[in-house]
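> Just the structure for this:
(2 chains)
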Number of protein chains: 2
Amino acid sequence: MNLKTIYASLRADLSLIEKEMELSLCTEEPILFQTSKQLLKAGGKRLRPVFVLLSGKFGDYHIDKIKEVAVALELIHTASLVHDDVIDDADLRRGEPTVKAKWNNQTAMYTGDYILAKALERITLIESQEAHITLSETIKEVTIGEIEQIRDQFNWDQNLRSYLRRIKRKTALLISVSCRLGALVSDVPKHQQKHLERFGYFAGMSFQITDDILDFVGTKAKLGKPSGGDLKQGNVTLPALLAMSDPYIKEKITATLKNKNTNEKELNEALHLIKSSGAIECSENMSNAYLHKAQLELSNLPACKARQSLEKIAEYIGKRKF
Amino acid sequence: MNLKTIYASLRADLSLIEKEMELSLCTEEPILFQTSKQLLKAGGKRLRPVFVLLSGKFGDYHIDKIKEVAVALELIHTASLVHDDVIDDADLRRGEPTVKAKWNNQTAMYTGDYILAKALERITLIESQEAHITLSETIKEVTIGEIEQIRDQFNWDQNLRSYLRRIKRKTALLISVSCRLGALVSDVPKHQQKHLERFGYFAGMSFQITDDILDFVGTKAKLGKPSGGDLKQGNVTLPALLAMSDPYIKEKITATLKNKNTNEKELNEALHLIKSSGAIECSENMSNAYLHKAQLELSNLPACKARQSLEKIAEYIGKRKF
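Coordinates of the predicted model:
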């Protein structure tokens, strides 16, 4: 099972969306032209557009209408990644140099701003005020999530709740909104919209937990960036959080990872401690629990090809190895 | 003549807008709460809300409707200043430490994002699609202007046209849009909206040129930040551009100001060269020319108290000494 097979039925519509993204980011300003090209080249799974389109299939699906939602959401996501890389001081994403690495922090800041502005242009083309309100609320929550991430860096005393709230804002919300708005602009019945929205939320939580696990167990070749980055940056994710329920591990980690100046050897020791603590398996269980909840939401929806695809995608993103 | 006198008739509505800005930026997230409070405390002339309100006075003025436009525009402006300070590496603005100085670049980036997101929330409350399209277009142009500013830093070979295009995007556009949207939501007749929009554009150009002059001739006490900052940051503004039409001055400046590492003595020499070249007076003439065009636009509008106030504000911002 791979994404390509699941995406097959959407191929034409997804390539239209890719073209629209290119069109949206096309500009005469040479720096923005280059940074945007770099971002489009690095690509991504285009998960948010896929969720938008598949959710739309439960109603009155019109590609010309729904594509605006898909493009806007993917642009918002892309903008947030560019700004994320400034915070995380990340040099690689999806195997490609980040904007902040290839240019600098300032350029990354404005590239993010520009892409967000282009998302807003797209949003004006959506005629539903409910969609406008949802999108502005979402952008706000995403930025609060990003501030929380800075605030909580190198804070080894945080609890599970603050982690879950952070990944909700960082990831689950945008996926949940993708499902909701795809359904909304396609006039899917209200109660089905709710199930799709909740499905997106649970699938998004599972997705981010898996992402956080992969940062510990993945390889650079598969991740497109070095592993262990989260711990190095002081981003306390689920595996570290669970491992630190052991006071010995917590003491070790807080002692060696006080700030960004940890050396490679110390980092590797900390990574090893966490990986051998059982925290990875425990995190996988949590990811699976969210996945299960996501699938339950789907079971309330009419059995159709779109539902089958959503089931498969959720399964894929919750259990993927890269 | 000072702004306070001109603002007198708007006092109640402006303090409502100030309260709404506070409400908008109020958040439980402690860092954002602090950075927002710092920005509100630093205040500003609130020029954009004033232009919105006065333009609305030519039509069917409803404070509950027009305030959304005023707050949204001032929030967009505030967000762009926070990001500007990252680019300009500025430690002071309006006599107060900037967010990037009191916290750091990352926090400034997200504070800007957050304020922009709050502006978007406000925009959803405006019911005109024309207003939405105009605002998203404006945000896009402002970000392009900011990228242009980075791109053109330390480029001593740029021409007058690129300077004018940059300040249009940086300043004139938002003031022009303030006038236009204030008029639009108050159902001011179309041809009057056009005059107000053009008035805002010309007044904004005059305003920014004056700002750029003051960066050369102002004092730290009056500017709320050290003078000479533009030249030091490699921002080529009108006085420098005009002075460099003298090949001797150009050679001197390009030789000493190659990058941000210029020492104080060299910077002062360069500042002196520009100030004694006649470029300041020439820049003032250009500012006045724009001011004159702004006043001409107003002469096409019905003579009323709002028109009088706009005339005075334009006069003030084009000729202010701080």
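> Need the per-residue pLDDT for A:Glu281.
On pLDDT, A:Glu281 comes in at 95.
> For the stretch 51-200 of chain A, just list every one of the strands.
Using DSSP state E, counting those that start in this stretch, the strands of the stretch 51-200 of chain A run over residues A:92-93, A:96-97.
> Mean pLDDT lowest where, among those strands?
strand A:92-93 (a mean of 78).
> Contacts for that one next, please.
A:Ala42, A:Leu81, A:Asp85, A:Thr98, A:Ala101, A:Gly224, A:Lys225, A:Pro226 (C-beta atoms under 8 Å, 6 or more residues apart in numbering or on different chains). Every residue, glycine included, has its C-beta placed from N, CA and C.
> Tally up the residues packed near A:Thr5, please.
11 (other C-beta atoms under 10 Å in any protein chain shown).
> Which positions in the helix or strand containing it come out as buried?
Secondary structure from DSSP states H and E places A:Thr5 in helix A:3-7. Buried residues in helix A:3-7, defined by neighbour count with 16 or more other C-beta atoms under 10 Å in any protein chain shown: A:Leu3, A:Ile6, A:Tyr7.
> for stretch A:92-106, same thing?
Quick answer for stretch A:92-106 (16+ other C-beta under 10 Å): A:Leu92, A:Arg93, A:Glu96, A:Thr98, A:Val99, A:Lys100, A:Ala101, A:Trp103, A:Asn105, A:Gln106.
> ok and the residue in the stretch 201-322 of chain A nearest chain B?
In the stretch 201-322 of chain A, no residue comes nearer to chain B than A:Gln233, which is 11.4 Å away by C-beta to the nearest C-beta.
> Can you list phi and psi of that residue for me?
A:Gln233 adopts backbone torsions of phi -80, psi 0, taken as degrees, to the nearest 10.
> and A:Thr171, how far is that from B:Val142?
Remark: distance between A:Thr171 and B:Val142 (C-beta to C-beta, to the nearest Å) = 29 Å.
> can you list the residues of the stretch 1-150 of chain A near chain B?
A:27, A:29-32, A:83, A:86-87, A:105-107, A:109-114, A:116-118, A:120-121, A:123-124, A:129, A:132-133, A:135-137, A:139-140, A:142-144, A:146-148, A:150 (C-beta under 8 Å from any C-beta of the partner chain).
> Drop anything exposed from those residues.
With burial judged by 16+ other C-beta under 10 Å, the buried subset of the residues of the stretch 1-150 of chain A next to chain B is A:27, A:29, A:31-32, A:83, A:86-87, A:105-107, A:109-114, A:116-118, A:120-121, A:123-124, A:132, A:135-137, A:139-140, A:142-144, A:146-148, A:150.
> before we move on, back to that, can you tell me what sits against the helix holding A:Thr5?
Residues contacting helix A:3-7 (C-beta under 8 Å, 6+ apart): A:Leu14, A:Lys45, A:Val50, A:Ser309, A:Lys312, A:Ile313, A:Tyr316.
> Inside helices: which ones of those?
When the contacts of helix A:3-7 are checked against helices (DSSP state H), the matches are A:Leu14, A:Val50, A:Ser309, A:Lys312, A:Ile313, A:Tyr316.
> Would you quantify the distance from the fifth one to A:Thr171?
In other words, A:Ile313. According to C-beta to C-beta, A:Ile313 stands 15 Å off from A:Thr171.
> Who has more neighbours out of the two?
More crowded of A:Ile313 and A:Thr171, by other C-beta under 10 Å: A:Thr171, with 25 against 22.
> isn't that one right up against A:Gly204?
Yes: if you go by C-beta atoms under 8 Å, A:Thr171 and A:Gly204 touch, sitting 5.0 Å apart.
> tell me which helix or strand of chain A sits lowest on mean pLDDT?
Every helix and strand of chain A was ranked by mean pLDDT, DSSP states H and E. The lowest is helix A:220-223, at a mean of 74.
> Would you mark the buried spots in that one?
For helix A:220-223, by 16+ other C-beta under 10 Å, it's A:Leu223.
> May I ask which helix or strand encompasses the closest residue to A:Thr237 other than its chain neighbours?
Spatially, and ignoring its direct neighbours in sequence, A:Thr237 is nearest to A:Asp212 (3.7 Å; C-beta to C-beta, 6 or more residues apart in numbering or on different chains). Element membership for A:Asp212, per DSSP H and E: helix A:190-217.
> same deal with A:Lys258?
Under the criterion DSSP H and E, no helix or strand holds A:Lys258.
> before we move on, could you check phi and psi at the nearest residue to it once chain neighbours are set aside?
Spatial nearest neighbour of A:Lys258, excluding adjacent residues (C-beta to C-beta, 6+ apart): A:Phe154 at 7.1 Å. The phi/psi pair for A:Phe154 (degrees, to the nearest 10) reads phi 60, psi 20.
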